[in-house]
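Novice: Give me a model of this one.
(chains A and B)
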Amino acid sequence: MKIQSVKGTRDFYPPQMAVRNFIVDGWKAASIRGGFVEYDGPIFEYLQMYQVKSGDEIVEQLFNFTDRGNRHLAIRPEITPTLARMVNKQINALPRPIKWFSVPRLCRAERPQKGRLREFFQWNIDIIGVDDVLADAEVIACSLDYLRNTGLTSADVVAKISSRRLLAALLKNIGIAEDKLETLYPILDKKTKIPVEAFCEMLDKEIDSSETVQTILKLMDVHSVDEIPDIVKLDEEAQIALDELKRVFAYLEKMGVANGCRFDMSIVRGLAYYTGMVFEIHDAVGKLRAICGGGRYDNLLSDFGGPKVTATGMGMGDAVLEILLREKGLLTDDSLDIQKLDYFVACLDDDLMDEAVAITAKLREKGYAANFSYKTNALKKQMKVADSMNAAQCIIVGGEYKESGQLVVKDMATGEQELVEAATFFDTDPV
RNA sequence: GUGGAUGUAGCUCAGUUGGUUAGAGCACUAGAUUGUGGAUCUAGGGGUCGGGGGUUCGAAUCCCCUCAUCCACCCCA
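Specialist: Reported below is the predicted structural model:
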């Protein structure tokens, strides 16, 4: 009976595993450069955890199940609730600021399409306990640090930044009721994703005054914070939010990544829990879905039963990233080594097989990556195998060993080889 | 949940208006090469042509159903 893989999942054969490791290793290295420390949680949690902030509709997008104790559980679709739970639990003991990162494997029961799968990896970094936009700037800078490190430039990717706090203040100024904001965010978030007419129609449905709708449209087209006062009068709250945003950009300048950042009023994020700076990083052409997104969520810990502690962070999935890296030629199938060996031990005589095995074992004992051939076939064949396994050195156990106890040690890069006494080979550390 | 496209070897794909035993390249295995690596040549293994039904003397090819995948909607933490 032939069983196929589940929809939206990937099999990581060695070549694909090399790609995954390339991406994940880069994420971890960038996190560590940025002073973040790694954490992880369980891959499933109580279903309720994901309903708290997102409601019941989200259940359809989750893989959920009931265990034998009738507990309603779900495979994690994101790790932020887990982070909130874990931090809340030890909030009084953890030194602040809390700068944590994780690379969780996540599952969402959505229909797969380009750049979106049902099982994927997502890099998360979060800074908890810093009530200053400096932390927001650092999250963006760390994300860009990673992307720059892969070779992507400001011509390839752009960080679009805005502020929920500013948006909320401006909307209130033009007469939008506070309780209306939550329904408006997901609509405004669609600004660049749907046709203008459809966008207007959605706004008209929610807002009575067409004048207000026009003002919102003008506001959403703003590409510099300086244009805002021309459209909406700034009250104190709006002014504070605006100053904050300017400071984010000032910090990004100091962090050396400002050339990849720009203000974009259309970045809203569909999620309700963002309270301040919000951002997304897109490919410069804007053809792919967002590479990464995040923002400040000051109420999340308290929403999960903890104290009111501020937080900001972001998530970056592997699917879109891989597509972009391949498009830009920064990741090709043969750019990654699937295997690397320090030594390959070739054996040319069945009588010497025991010795070849023993030599390999000694190399491994010394901590080297070593492999040997199960067959004593033509040396050419074994050399080929050594080459395909990316061996740095090849040791040949053959006639010289039989006659005078010598091994041929060949450097695969230079092609040079020398005879070495097997008896003394392991006395000094071979290279 | 809606719409479109595509399913032939491990991979990428040919396959004529329906015609005999379904092919190529790459990959894999072995040999040419009995002791030296991305080369060349030769041979070999590997396919219920996604599955089921129908039309026909005859179906990879035409029709119906079904399944799967991809792409675009919906959604997007």
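
Novice: Which residue lies nearest the spatial centre of chain A?
Specialist: A:W123 (2.8 Å; CA atoms, centre = their mean).

Novice: Which strand residues bridge that residue?
Specialist: A:M316 (DSSP bridges).

Novice: just the one 4 residues further on next, same as before
Specialist: Following DSSP bridges, A:I127 is listed with bridge partners A:K99, A:T312.

Novice: mind listing what it touches?
Specialist: A:P97, A:I98, A:K99, A:A135, A:E138, A:V139, A:A311, A:T312, A:G313 (CB atoms under 8 Å, 6 or more residues apart in numbering). The way it works is simple: take the backbone N, C-alpha and C, and place the C-beta from them, glycine included.

Novice: Save those residues as CSV, and put in neighbour count, distance to RNA strand B and pLDDT too.
Specialist: CSV is the format used below for the contacts of A:I127 (neighbours: other CB atoms under 10 Å; distance: CB to the nearest atom of the strand, whole Å; pLDDT from 0 to 100):
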residue, neighbour count, distance to RNA strand B, pLDDT
A:P97, 18, 21, 96
A:I98, 21, 19, 97
A:K99, 21, 19, 98
A:A135, 23, 19, 98
A:E138, 24, 19, 98
A:V139, 24, 14, 98
A:A311, 26, 13, 96
A:T312, 30, 14, 97
A:G313, 23, 10, 97
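
Novice: Could you list which residues are in contact with A:N371?
Specialist: A:L341, A:Y343, A:F344, A:V345, A:T360, A:M389, A:A391.

Novice: top of the residues you listed by neighbour count?
Specialist: A:F344 (28 neighbours; other CB atoms under 10 Å).

Novice: Spell out which helix or strand contains that one, please.
Specialist: Element membership of A:F344, judged by DSSP states H and E, is strand A:341-347.

Novice: Quick check, the residue in chain A closest to RNA strand B?
Specialist: A:G399 (2.2 Å; CB to the nearest atom of the strand).

Novice: what's that residue in contact with, if anything?
Specialist: A:L348, A:D349 are the contacts of A:G399 under CB under 8 Å, 6+ apart.

Novice: does A:R105 really touch A:F121, like I thought?
Specialist: Yes: at 5.7 Å, A:R105 counts as touching A:F121 under the criterion of CB atoms under 8 Å.

Novice: higher neighbour count, the two?
Specialist: More crowded of A:R105 and A:F121, by other CB under 10 Å: A:F121, with 19 against 14.

Novice: Three-state assignment for the more buried one, please.
Specialist: Of the three states, A:F121 takes strand according to DSSP: H, G, I helix; E, B strand; the rest coil.

Novice: Please report how far it lies from A:G305.
Specialist: 28 Å (CB to CB, to the nearest Å).

Novice: A:M17 now?
Specialist: For A:M17, the distance to A:G305 - CB to CB - is 39 Å.

Novice: just to revisit the earlier point, of the contacts of A:N371, closest to A:D243?
Specialist: For the contacts of A:N371, the residue nearest A:D243 by CB to CB is A:L341; the value is 57.8 Å.

Novice: Which of the contacts of A:I127 lies at the shortest distance from A:V158?
Specialist: A:V139 (16.1 Å).

Novice: helices or strands up against the helix or strand containing that closest one?
Specialist: Per DSSP H and E, A:V139 falls inside helix A:133-150. If contacts are counted by 3 or more CB pairs under 8 Å, 6 or more residues apart in numbering; DSSP states H and E, helix A:133-150 sits against helix A:14-33, strand A:119-128, strand A:157-163, helix A:236-254, strand A:277-283, strand A:292-296, strand A:311-317.

Novice: The third one pairs with which strands?
Specialist: Note on strand A:157-163: by DSSP bridges, its sheet partners are strand A:261-263 (parallel), strand A:277-283 (antiparallel).

Novice: One more: the shortest one?
Specialist: For strand A:292-296, the pairing partners within the sheet under DSSP bridges are strand A:277-283 (antiparallel), strand A:311-317 (antiparallel).

Novice: could you give me the average pLDDT of that strand?
Specialist: Confidence over strand A:292-296 (mean pLDDT, whole number) is 95.

Novice: can you check the third one too?
Specialist: For strand A:157-163, the mean pLDDT works out to 95.

Novice: ok, and does it reach over to RNA strand B?
Specialist: No: taking CB under 7 Å from any atom of the strand as the criterion, strand A:157-163 and RNA strand B are apart, separated by no less than 13.6 Å.

Novice: Off-centre distance for that strand?
Specialist: How far strand A:157-163 lies from its chain's middle: 17 Å, per CA atoms, centre = their mean, to the nearest Å.

Novice: Pull the residues that contact it.
Specialist: Taking CB under 8 Å, 6+ apart as the rule, strand A:157-163 contacts A:140, A:143-144, A:147, A:241-242, A:244-245, A:248-249, A:257, A:260-268, A:276-284, A:291, A:324.

Novice: relative to helix A:236-254, how tilted is the following helix or strand past that strand?
Specialist: The helix or strand immediately downstream of strand A:157-163 is helix A:164-173, counting by DSSP H and E. Relative orientation of helix A:164-173 versus helix A:236-254 (axes from the mean of the first three to the mean of the last three CA atoms, to 10 degrees): 150 degrees.
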